[in-house]
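**Q** can you look at this prediction? I've put the sequence above it.
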Amino acid sequence: MTPLPGRPVRGSATGRPIMALLDLLGRRWALRILWELRDGAKPTFRELQQRCDGVSSSVLSTRLRELGEADLVDHTAGYALTDQGRSLFETLVRLDAWAAGWRPRDQSSS
């Protein structure tokens, strides 16, 4: 079942929106698919599969269905991010910038 706000998901029996999003994005290949759709080129299924280093067709199909049900990816004349998908991607870019500077405290000096 696709993790969506209001549905029970890993870590939240009530389906808190952030927990549903993290459950969805934590699934294999979900983030990679979003990344590969960032340029708006609308690849076909096979082209997207090649961009994702040959992910199996069954996994790609499942992830695309889930991302579509979550209104993050659309399939019309190829695959593309929806408005919500583009908004999420912009947020993920900022999170990536934060992560690039992330320096956990040195545990050996504790």
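**A** Sure thing, it's come through.

**Q** number of residues surrounding the nearest residue to Arg16 once chain neighbours are set aside?
**A** Distance criterion C-beta to C-beta, 6 or more residues apart in numbering; nearest residue to Arg16, sequence neighbours excluded, is Pro5 at 7.4 Å. In short, each C-beta sits where N, CA and C put it, glycine included. Neighbourhood size, Pro5 [other C-beta atoms under 10 Å]: 15.

**Q** in what helix or strand does Pro5 lie?
**A** Assigned by DSSP states H and E, Pro5 falls within no helix or strand.

**Q** my guess is it contacts Ala20. True?
**A** Yes: here Pro5 reaches Ala20: they are 4.9 Å apart, a contact under C-beta atoms under 8 Å.

**Q** pLDDT score for Ser110?
**A** Looking at Ser110, its pLDDT reads 56.

**Q** can you spell out which helices and strands pack onto the longest helix along the chain?
**A** Looking across the chain with DSSP state H, the single longest helix is helix 83-100. Secondary-structure packing of helix 83-100 (3 or more C-beta pairs under 8 Å, 6 or more residues apart in numbering; DSSP states H and E): helix 30-36.

**Q** what mean pLDDT does the helix it packs on have?
**A** On average, helix 30-36 scores 97.

**Q** what lies in contact with that helix?
**A** Contact with helix 30-36 is made by 24-25, 43, 48, 51-52, 55, 60, 63-64, 66-67, 72-73, 81, 85, 88-89, 92, as judged by C-beta atoms under 8 Å, 6 or more residues apart in numbering.
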